[in-house]
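*Asks:* What follows is a predicted protein model with its sequence.
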Amino acid sequence: MIEVKNLTKHYGSNRAIDNLTFSAGSESTGNIIGFLGPNGAGKSTTIRILTCFQPADSGVASVAGYNVFSQSMDVRRRIGYLPESAPLYGEMRAREYLHFRGKLHRMAKPDRDAAVKRVTERCWLGDFIDRPIGQLSKGMRQRVGLADALLHDPPVIFLDEPTIGLDPVQIRETRKLIRNLGDHHVVFLSSHILHEVEQICTHVIVVAGGRILASGAPAELSERISAGSRLIAEIKGDSESIVSAVKSLSGVENVDCERLDGWNRLAIESNGAGDIREDVFKLVSDKGWSLREMRREVASLEDFFIKITAEQSTAR
Amino acid sequence: MNTVLTLTKRELTAQFFSPIAYVVLVVFLVLSGIIFGMESFKPGEEASARTVFAVVPYILVLVAPLLTMRLLSDEFRTGTIETLMTAPVNEAELILGKFLGSLLFFVVMLAGTLLYPLIMSLYGSIDVGLALSSYIGLLLVGGLFIAVGLFFSACTQNQIIAAICTLAVLAVFTFLGDWLASNQEGTLRVVLQHLSIRAHYEVFIRGLIDSNHVVFFVTSTALFLFFGVKVLEFRRWR
């Protein structure tokens, strides 16, 4: 549904995105794609290019089978877009606004009525659909914007930071809604909240500094980080011989030892080639030591995120 | 075309929701009313609304920028341009919709002045043809002013800047056109004379609908609308 190849965009001399290439919304990625990155990573810029708001400097992008540059109108008819700040006309009532947007999408009156009714239910606009948008709270406005993005039932929906500014209950409801949308639509959402992306997305693309750092299913990404993770083991015995014995195990790269009321607390770093827990256990039992704890320190996506963004900033 | 009408309707409604538009409406009617009251019934002279019609463009120079300044600037400032330009709407449709919406509001403004010929008809017969040609002239002037304002509104997200630039350009060609021309010689003088909005408009309030002058207003309006479209297209590339 979304194909991006070598996309680059500058603002003046500042490179917003740099040679992005990815494809999303196919069998392999599932329907809910998370575009994850810190502020200024080029998320909004990418979305603006994909929604035909801005042209890229170079590269090709297509959405729903149409080129975003040369077949812009075909793309625009097939996408729904909620920009980051959910811009709306304050003087209009929510219902009026949705009808206005429906007309721009050339929907006939009966279709529009049905569509407005449908999105009103889906986005829980019932309480304030007839109030002027200018009087609505940030969360309500966000929902009106979301309703607008769903109005013409587009195959692809772009959401730029969809849960920003919402209260916890609304965040949970919105996430639920997005997960449901995945059944019939391709949803491309940007976020800087890892937890969110981890929860709702079927595929995650991590960007920073305008470049893709990693991509894959959320579980896969976690796995990739935790594979090279640390094993914490507490063993009783002579610390020097324990450390040297553990170090000699295959796959172990580094061992830190810390004395803790008669026990040795070992932090074992492996190269991720395989699971070394069994080897550690066998070693302990062969030598006749005691073992009171062994656990894998599973790195979260968050750790990964902090690590890569830190790497990015030091690289600059 | 449907899209243009949808945008026109929204623009017209938005004008009616904007407090500025009401202020503009009131100021316009009060100023033109004062002139009508003071100039149209002078003892010993023929009652005539001609002075009012002659002065209205000068009032418009002051109020038109206020009417047009938010047209696109506000869309840029609030970011609604992003939802508009990612819907199946192209730049020309947007400009045309905004233009027609504002022009209709201007027609509403002008409708308020219909009272003047009406009052005059109470005291005698009025020259319907003259009134008609004057109104057509005013409509053409208003259209041009709105097109200029729309163009400047497309250039900036700051309403004040849009208003000041519009005011400057309109003032130069309405108030200063003749004066500038009179200070020049040769070709430049002829060119400036042709650009004087006052001179073109004058013909209409004399009761003449001359295609020459209609073409001047229509083409210059179209030119500014075209510039507006180009500016919008250009902005995407930045």
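*Replies:* Received, thanks.
*Asks:* Could you use CA atoms for every contact and neighbour count after this?
*Replies:* OK.
*Asks:* where does the chain dip in pLDDT?
*Replies:* In the absence of a named chain, chain A is used. Applying pLDDT under 70 to the predicted model, the residue ranges of chain A that meet it are A:222-229, A:272-274, A:298-316.
*Asks:* Chain B is the one I meant
*Replies:* In the predicted model, chain B carries pLDDT under 70 at residues B:1, B:238.
*Asks:* Is the residue lying farthest from the centre of it within a helix or a strand, and which one?
*Replies:* The outermost residue of chain B, judged against the average C-alpha position, is B:Gly44 (34.2 Å), by CA atoms, centre = their mean. B:Gly44 is part of no helix or strand, with elements assigned from DSSP states H and E.
*Asks:* which phi and psi does it have?
*Replies:* When read as degrees, to the nearest 10, the backbone of B:Gly44 gives phi 80, psi 0.
*Asks:* Packing partners of the strand or helix carrying A:Asp111?
*Replies:* With the criterion set as DSSP H and E, the secondary-structure element containing A:Asp111 is helix A:109-122. Identification of packing neighbours for helix A:109-122 by 3 or more CA pairs under 8 Å, 6 or more residues apart in numbering or on different chains; DSSP states H and E yields helix A:94-104, helix A:138-150.
*Asks:* Including distance to chain B and mean neighbour count, could those helices go into a markdown table?
*Replies:* As requested, the helices and strands packed on helix A:109-122 are exported to a markdown table (distance: least, CA to the nearest CA, whole Å; neighbours: other CA atoms under 10 Å in any protein chain shown):
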| stretch | distance to chain B | mean neighbour count |
| --- | --- | --- |
| helix A:94-104 | 6 | 22 |
| helix A:138-150 | 9 | 24 |
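*Asks:* follow-up on the earlier one: can you tell me what sits against the helix holding A:Asp111?
*Replies:* Residues external to helix A:109-122 that are found in contact with it (CA atoms under 8 Å, 6 or more residues apart in numbering or on different chains): A:95, A:98-99, A:102-103, A:125-126, A:129, A:147-148, A:150-152, A:177.
*Asks:* at 6 Å instead, please
*Replies:* Applying CA atoms under 6 Å, 6 or more residues apart in numbering or on different chains, the external contacts of helix A:109-122 come out as A:Ala147, A:Leu151.
*Asks:* Buried residues in that helix, which are they?
*Replies:* A:Arg112, A:Ala115, A:Val116, A:Val119, A:Thr120, A:Arg122 (16 or more other CA atoms under 10 Å in any protein chain shown).
*Asks:* Nearest to B:Ala222, out of these: which one, please.
*Replies:* Proximity of the buried residues of helix A:109-122 to B:Ala222 (CA to CA) peaks at A:Arg112, which lies at 33.9 Å.
*Asks:* Break down chain B into its helices, ranges please.
*Replies:* With DSSP state H as the definition, chain B shows helices at residue ranges B:2-17, B:19-39, B:50-68, B:70-78, B:80-84, B:91-113, B:115-123, B:128-155, B:159-174, B:177-182, B:186-195, B:197-205, B:211-236.
*Asks:* which other helices and strands contact the last one?
*Replies:* When you say that, I think you mean helix B:211-236. If you count contacts as 3 or more CA pairs under 6 Å, 6 or more residues apart in numbering or on different chains; DSSP states H and E, helix B:211-236 packs onto helix B:128-155.
*Asks:* Please repeat the previous calculation with a cut-off of 8 Å.
*Replies:* For helix B:211-236, the contact count by 3+ CA pairs under 8 Å, 6+ apart identifies helix B:91-113, helix B:128-155, helix B:197-205 as packing neighbours.
*Asks:* Work out the gap between the longest one and the centre of the chain.
*Replies:* Helix B:128-155 has its C-alpha centroid displaced from the chain centroid by 4 Å (CA atoms, centre = their mean, to the nearest Å).
*Asks:* A:Ala217 is nearest to which of the helices and strands packed on helix A:109-122?
*Replies:* Of all those, the one in closest proximity to A:Ala217, counting by CA to CA, is helix A:138-150 (25.0 Å).
*Asks:* moving C-terminal of the closest one, what's the next helix or strand?
*Replies:* Moving toward the C-terminus from helix A:138-150, the next helix or strand (DSSP H and E) is strand A:156-160.
*Asks:* and that next one, which strands flank it?
*Replies:* Partner strands for strand A:156-160, per DSSP bridges, with pairing direction: strand A:79-82 (parallel), strand A:186-191 (parallel).
*Asks:* With just CA atoms, put the longest one into CSV.
*Replies:* It refers to strand A:186-191. The C-alpha atoms that make up strand A:186-191 are tabulated as CSV, following Å, rounded to 0.1, in the frame of the first residue of the first chain:
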residue,chain,number,x,y,z
VAL,A,186,-3.8,0.4,6.3
VAL,A,187,-2.9,2.7,9.2
PHE,A,188,0.3,4.6,9.1
LEU,A,189,0.9,6.4,12.4
SER,A,190,3.8,8.3,13.8
SER,A,191,4.6,8.5,17.4
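*Asks:* Outside of that strand itself, which residues are in contact with it?
*Replies:* Defining contact as CA under 8 Å, 6+ apart, one finds that strand A:186-191 is touched by A:1, A:25, A:31-37, A:43-44, A:155-162, A:178, A:181, A:197.
*Asks:* cool, and stretch A:258-270?
*Replies:* A:228-237, A:239, A:243, A:251-257, A:276.
*Asks:* Check stretch A:96-106 too.
*Replies:* Stretch A:96-106 has contacts (CA under 8 Å, 6+ apart) with A:77, A:89, A:112-113, A:116, A:147-148, A:151-152, B:2-3, B:6, B:10, B:87-89.
*Asks:* Determine which two of these are furthest apart.
*Replies:* Greatest spatial distance in the contacts of stretch A:96-106: A:Ala147 and B:Asn2, 22.5 Å, computed using CA to CA.
*Asks:* How about the residues of chain B by chain A?
*Replies:* Neighbours of chain A within chain B, by CA under 8 Å from any CA of the partner chain: B:2-3, B:6, B:10, B:14, B:17, B:78-80, B:82-83, B:85-89, B:236-238.
*Asks:* My reading is that A:Ile33 lies in a strand. Confirm?
*Replies:* Yes. When DSSP: H, G, I helix; E, B strand; the rest coil is applied, A:Ile33 is found to be in a strand.
*Asks:* pretty sure it contacts A:Glu198?
*Replies:* No. Counting by CA atoms under 8 Å, A:Glu198 is not a contact partner of A:Ile33; they are 10.5 Å apart.
*Asks:* shared neighbours of these two, anything?
*Replies:* Common neighbours of A:Ile33 and A:Glu198 (criterion: CA under 8 Å, 6+ apart): A:Val204.
*Asks:* any idea how far the residue nearest to B:Ala171 when sequence neighbours are not counted lies from chain A?
*Replies:* Taking CA to CA, 6 or more residues apart in numbering or on different chains, and ignoring the residues beside it in sequence, B:Ala171 has B:Val61 as its nearest neighbour in space, at 6.2 Å. When distances are taken as CA to the nearest CA, to the nearest Å, B:Val61 and chain A turn out to be 27 Å apart.
*Asks:* just B:Arg189 next, same as before
*Replies:* Using CA to the nearest CA, one obtains 42 Å as the distance from B:Arg189 to chain A.
*Asks:* List the residues that contact residue 136.
*Replies:* Picking chain A for this. With contact taken as CA under 8 Å, 6+ apart, A:Leu136 is in contact with A:Phe128.
*Asks:* was after chain B, sorry
*Replies:* Under the criterion of CA under 8 Å, 6+ apart, the contact partners of B:Ile136 comprise B:Phe204.
*Asks:* ok, 7 Å please
*Replies:* Under the criterion of CA atoms under 7 Å, 6 or more residues apart in numbering or on different chains, B:Ile136 has no neighbours.
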